[in-house]
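>>> The following block contains a protein sequence and its predicted model.
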Amino acid sequence: MKTAKLFAWIGLAAMVFGISNAIINGNFPADGTQLLDNPLGLVSVIDLYIGIVFFSLWITYREQTAWKIGIWIIAMITLGFFAGSVYLLKALYESKDDWKVVLHGRNKEHFDG
């Protein structure tokens with residue numbers, strides 16, 4: 001569990017660094033156009049949003065209330081895997097070192113032996 005938390009923290013730090021760099025040094029309208037004109041850039045955007053959809057499905061599966069699900073999905077759409085890293089850390093710390101809770105959240109009882 002410590003390793004998972006470490007990797008989640010590293011992912012969050014990488015996202016903070018990357019987003020900060022993009023805000024400070026980037027020009028979204030110009031860079032966004034170049035990104036979408038490049039086939040590899042377009043594939044990266046498609047890959048990102050497919051990952052966001054899959055991660056959002058996991059959030060929907062784990063969470064108990066519609067408003068929490070909605071907030072997390074909006075965060076995923078607007079903040080990408082910065083929000084995903086925060087959500088994973090939330091799941092890891094709430095789990096009390098139980099992987100079933102990390103993976104299944106509210107559905108954990110269906111997987112108890």
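Structure received.
>>> Let me know the next secondary structure element after the helix or strand of the chain at the bottom of the mean pLDDT ranking.
Least confident helix or strand, the chain: helix 28-37 with a mean of 84, by mean pLDDT, DSSP states H and E. With elements assigned by DSSP states H and E, the helix or strand that comes after helix 28-37 is helix 39-62.
>>> which residues are contacting the least confident helix or strand of the chain?
Applying CB atoms under 8 Å, 6 or more residues apart in numbering, the external contacts of helix 28-37 come out as 22, 41-42, 44-45. Where you see a C-beta, it was placed from the backbone N, CA and C, and this is true even at glycine.
>>> most surrounded residue in those?
The residue in those with the most neighbours, by other CB atoms under 10 Å, is residue 41 (15 neighbours).
>>> Identify the residues contacting that residue.
Per CB under 8 Å, 6+ apart, neighbours of residue 41: 34-35.
>>> remind me which residues of this protein are low pLDDT?
Scanning the chain for pLDDT under 70 picks out 108-113.
>>> If we use 50, what do you get?
By pLDDT under 50, the chain has no low-scoring segment.
>>> middle-most residue in it, spatially?
With distances taken as CA atoms, centre = their mean, the chain has residue 84 as the residue nearest its mean C-alpha position (1.7 Å).
>>> That one against residue 77, yeah?
No. With contacts counted by CB atoms under 8 Å, residue 84 stays clear of residue 77, the gap being 11.0 Å.
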